[in-house]
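Participant: following is a predicted model, sequence given first.
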Amino acid sequence: MRATTRFLVSLGTALTLGTIGLAGAQPAAAAGPIDDCANTRSWAGSGNWRLKATLFVPGDRKTHWAPRLTLRAGDVLRFRASGTTQIATWGDHKGPWGNGWDDLAPADGRWPASGEPKYALLVRPHYANAQVVSGVDAGHRLPAGTWYTSGADSDCLRITRVIRHARYIPQFEFKVNDANLGDNNDGFNVAIRLWRNCPGNIDPDC
């Protein structure tokens, strides 16, 4: 479904989804972080981001990432990845986009994310809900635990809700979209940016 959407996006749909992406939030509070995230130039230097981090995601297992600032509704994140993962001991090396959008994982219960590119780098919110707010998938909702293709340069993801839990904190998980992770080698270096609306800078986490 998402793969089809990538090739059939219309102007009317894009406008509608853009409206949905801002529903439930004050426009002034959401516009800054979203625009900054979508602006490639804000990635470099000091930019306008609130937090930056790096993470290594091994090709053979799931990796968790929790920022030192607790995620909150309205935070906007973007991920960029480099490197390759060797699929199986003697297999090919795949970049962050895996096999690309021409070779999607089937819905057979074996692949982490059916309908997403095989062997691509995936990301999902954990104990938080998110929504895609840039690119052709703008408006696509990511309930907690839903895998999404991060690839080499992800769309901007906005946290729409954090889920309070006595033992766990809101975070993201990364994984290669592979039916058999255990025999993979190498992995991806992921750079992370987080943008946050901080009116008046009166918040200690801003």
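Facilitator: That came in fine, so what should we check first? Numbering: from 1, shown residues only.

Participant: rest of the way, CA atoms for contacts and neighbours
Facilitator: Will do.

Participant: which stretches of the chain have low pLDDT?
Facilitator: 1-31, 42, 45-47, 199-206 (pLDDT under 70).

Participant: SS state for the residue of the chain most remote from its centre?
Facilitator: Note on the chain: the largest C-alpha distance from the chain mean falls to W90, namely 29.2 Å (Cα atoms, centre = their mean). Here W90 is recorded as coil under DSSP: H, G, I helix; E, B strand; the rest coil.

Participant: with G182 instead?
Facilitator: From three-state DSSP, the assignment for G182 is helix.

Participant: contacts only, for it.
Facilitator: 60-61 (Cα atoms under 8 Å, 6 or more residues apart in numbering).

Participant: if we use 10 Å, what do you get?
Facilitator: Shown in contact with G182 (Cα atoms under 10 Å, 6 or more residues apart in numbering): 59-61, 87-89.

Participant: need these in JSON lines with distance to L181 and neighbour count, can you?
Facilitator: Shown next, in JSON lines, are the contacts of G182 (distance: Cα to Cα, whole Å; neighbours: other Cα atoms under 10 Å):
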{"residue": "G59", "distance to L181": "7", "neighbour count": "28"}
{"residue": "D60", "distance to L181": "5", "neighbour count": "21"}
{"residue": "R61", "distance to L181": "6", "neighbour count": "16"}
{"residue": "I87", "distance to L181": "8", "neighbour count": "24"}
{"residue": "A88", "distance to L181": "8", "neighbour count": "16"}
{"residue": "T89", "distance to L181": "11", "neighbour count": "10"}
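
Participant: quick one: the residues you listed as CSV, columns for distance to G139 too.
Facilitator: Converted to CSV, these look like this (distance: Cα to Cα, whole Å):
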residue, distance to G139
G59, 29
D60, 31
R61, 29
I87, 32
A88, 35
T89, 39
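
Participant: quick check: the two most widely separated of the residues you listed?
Facilitator: R61 and T89 (14.6 Å; Cα to Cα).

Participant: all strands of the protein, in order?
Facilitator: Taking DSSP state E as the criterion, the chain carries its strands at 51-58, 63-65, 76-86, 93-94, 121-126, 128-132, 141-142, 148-149, 157-162, 171-176, 185-195.

Participant: can you name every helix or strand that the fourth one contacts?
Facilitator: Under the contact definition 3 or more Cα pairs under 10 Å, 6 or more residues apart in numbering; DSSP states H and E, strand 93-94 sits against strand 76-86, strand 185-195.

Participant: for P33, find the nearest of the strands of the chain.
Facilitator: strand 185-195 (5.1 Å).

Participant: tilt between that closest one and strand 51-58?
Facilitator: Per axes from the mean of the first three to the mean of the last three Cα atoms, to 10 degrees, the angle that strand 185-195 makes with strand 51-58 is 160 degrees.

Participant: now strand 185-195 against strand 157-162, angle please.
Facilitator: Going by the same axes, to 10 degrees, strand 185-195 makes 80 degrees with strand 157-162.

Participant: got the angle for strand 185-195 vs strand 171-176?
Facilitator: 150 degrees.

Participant: N129 and V162 touch, don't they?
Facilitator: Yes - if you go by Cα atoms under 10 Å, N129 and V162 touch, sitting 6.4 Å apart.

Participant: much appreciated, bye for now.
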